[in-house]
Structures are given as structure tokens and as C-alpha cells.
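below are the sequence and a predicted model for it; my questions follow.
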Amino acid sequence: MNEYKIPNHVGIIMDGNGRWATKRGLKRSAGHSAGYKTLKKLAVHILNKGVKYLSVYAFSTENFKRDTEEVNYLMNLFVSKFKEEKDFFMKKNIKVVFSGLKEPLRSDVWESMQEISKMTKDNTGGTFNILLNYGGQSEIVEAAKKIVKDVIDKKLNINELNTENFNKYLFQDLPPIDFMIRTSGEVRISNFMLYQVAYAEMYFPKVYFPDFNEKEFDIALDVYNKRDRRFGAIKK
Ligand code: IPE
Ligand code: IPE
Ligand code: MG
């Protein structure tokens, strides 16, 4: 029997909070609050399984197009939870990092992000990458700008740039995503980690994110284990 495979890096597009709430006659914000509760339990479960890197899409740059009320609710939720959960992440030995642009985030949001990443930077029990004000295309464009700067400053010989060390110019220097999950039944990428998903296995369960519990993740892992990853080679 083959060994049960645990992906090194899991990415989750946490979608369907709004529909989860609307279906129950609740405001969309109730869906975000329920999604947060799911995420807290799920993140611990996933890292306990032996996954080393977990990237979650919390807010895309494009999500600023939503109503001010919803954007404000989410920003307030981020600030309050980043403050509230610091001890939790320390206790669980989880390193929190962020991917995304600073502008146009509110300064209190940015500061709470800095605070939690600074506090947890030496933790070794898994890396939790939160995508906030994130877009995959802008991550690549920002990388291109940093590369040009390093070349001009003679810190980088352009001939030495390759697909491996290119990672160092992204928001976070992370290994490739092995398994990408998008909840809610939508089958699209929506600008999620375009560089890192190059060879990811993808899974699109129908459940809305607040219902994507530990059991659902275990089902997803079974699906991952049935996949045949080839990376362009011919199967022997
Ligand atoms: C995902 O759920 C959470 C964020 C984008 C912040 P949605 O808010 O997109 O929920 P739906 O897709 O409208 O149901
Ligand atoms: C992607 O979901 C962003 C997050 C989950 C944070 P969206 O709900 O914003 O994506 P679209 O608009 O359906 O593509
Ligand atoms: Mg959505």
C-alpha cells in the first residue's frame, strides 16, 4: 500500500461566506463571522496533520469593490482577531505571515498585522500565510519591480534569476502549493497565488466555507491522495 501523502503547502480560497448567511436569512457579515470560527479550528487541524504551510485568502484587492459596510466589517474583524488571537498562535507555536499590499489598508489593520507577525516570527509549528489585500498579478508585478531595483543596485546578476530564486521576490518566500481548495462550488482562481499554484492539485467542494470543517478537510485529503501528480513526466 502506498504511503498516505500529506501536502507540504495547502492553499484555501475561503469562498461562500455571504451565500451561507443569505441562505439562513442573515446578513453577509454573519457569514464572515461564521467563516472566521471555521478557520480557527481548521487551521489547527490542518497544521496538526503535518501540513507545513497553510495559505488562506482572506481579502483580495478586488474585494475593496464591495459595499463600505461589508469592507469595514471585515477590516474590524481582522483587527480584533489579530489582537485577540496572539496568545493562541503563540501557544500553538504557529508562525503568522501576510501576503498583500499595504495601500489602501487602514493603518490600524496594517499595524495589527505587523504586530502579530513580529510576535510569532520565531515559531516553528507551521507557517500560516494570510492573504489580505492580495492579488496574484500584483504580487508578480511587485516582484518584477524589486528585481529591476536589485539589478540596478548590482545586488542581482540577471542571468542568475531562475524559477526557484524568483520566489524570494514574492510577498513571502514559500514553497509551491501542492493542494488548492476553493469552497462554495465556484471553479476559478480569482487571482489566488498565480505563481505558486503552477502544479497544484485543485479541489472544488460545493460546501460554503463556514461548513468546511475538519471532516470536510479529511475528505479533501483523501481526494488529494487519489491524485496522480506527474509534473510533466510520463508515469512509470
Ligand atoms: C469569501 O466569501 C470571503 C471574502 C471574500 C472576504 P464571500 O464573501 O465571497 O461569499 P460569497 O461568495 O458572496 O457567498
Ligand atoms: C475570492 O473570492 C477572494 C476571497 C475568498 C477572499 P471572491 O468571492 O472575491 O471571488 P469572485 O468575485 O467570486 O471571483
Ligand atoms: Mg465569493
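Done, it's in. Ligands and ions are numbered 1, 2, ... in the order given.

sec struct for Y195, please.
When classified by DSSP: H, G, I helix; E, B strand; the rest coil, Y195 comes out as coil.

tell me the contacts of it?
G136, E139, I140, A143, F166, N167, L170 (Cβ atoms under 8 Å, 6 or more residues apart in numbering). Placement of C-beta: from N, CA and C, glycine included.

now render these as a markdown table, adding neighbour count.
Below are the contacts of Y195 laid out as a markdown table (neighbours: other Cβ atoms under 10 Å):
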| residue | neighbour count |
| --- | --- |
| G136 | 22 |
| E139 | 23 |
| I140 | 14 |
| A143 | 17 |
| F166 | 15 |
| N167 | 16 |
| L170 | 18 |
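
gap between A143 and ligand 2?
21 Å (Cβ to the nearest ligand atom, to the nearest Å).

repeat that for N191.
From N191 to ligand 2 the distance is 8 Å (Cβ to the nearest ligand atom).

just to be sure, M75 is in a helix?
Yes - M75 sits within a helix when classified using three-state DSSP.

now it. Nearest residue, chain neighbours left out?
Of all residues not flanking M75 in the chain, V109 sits nearest, at 5.3 Å (Cβ to Cβ, 6 or more residues apart in numbering).

the one you found: which element?
Element membership for V109 (DSSP states H and E) is helix 107-120.

and whichever helix or strand comes after that helix, average pLDDT?
Sequence-wise, the next helix or strand downstream of helix 107-120 (DSSP H and E) is strand 127-134. For strand 127-134, the mean pLDDT works out to 98.

now do stretch 149-158
98.

if we can go back for a sec, model confidence score at the residue nearest to M75, please.
On pLDDT, V109 comes in at 98.

does the helix holding V109 reach ligand 1?
No - contact of helix 107-120 with ligand 1 (Cβ under 6 Å from any ligand atom) is absent, the minimum separation being 13.5 Å.

let me see the residues that make contact with that helix.
75, 78-79, 82-83, 85-86, 89-90, 94-98, 102, 130, 132.

give the full set of residues in contact with S138.
S138 makes contact with T61, L101 under the criterion Cβ under 8 Å, 6+ apart.

what sits up against the helix or strand G35 falls within?
Per DSSP H and E: G35 is located in helix 28-48. Helix 28-48 is contacted from outside by 10, 14, 16-22, 24, 54, 56, 69-70, 73-74, 77, 81, 85, 88, 92, 94, 125-126, 128, 208-214, 217, using Cβ under 8 Å, 6+ apart.

near ligand 1, which residues of the protein show up?
M14, D15, G16, N17, G18, R19, F59, N63, L74, S184.

out of those, which is nearest to P176?
M14 (20.1 Å; Cβ to Cβ).

that closest one: neighbour count?
24 (other Cβ atoms under 10 Å).

residues near the residue nearest to it when sequence neighbours are not counted, how many?
Leaving out its chain neighbours, the residue that sits closest to M14 by Cβ to Cβ, 6+ apart is F209, at 4.3 Å. Here the number of neighbours of F209 (other Cβ under 10 Å) works out to 29.
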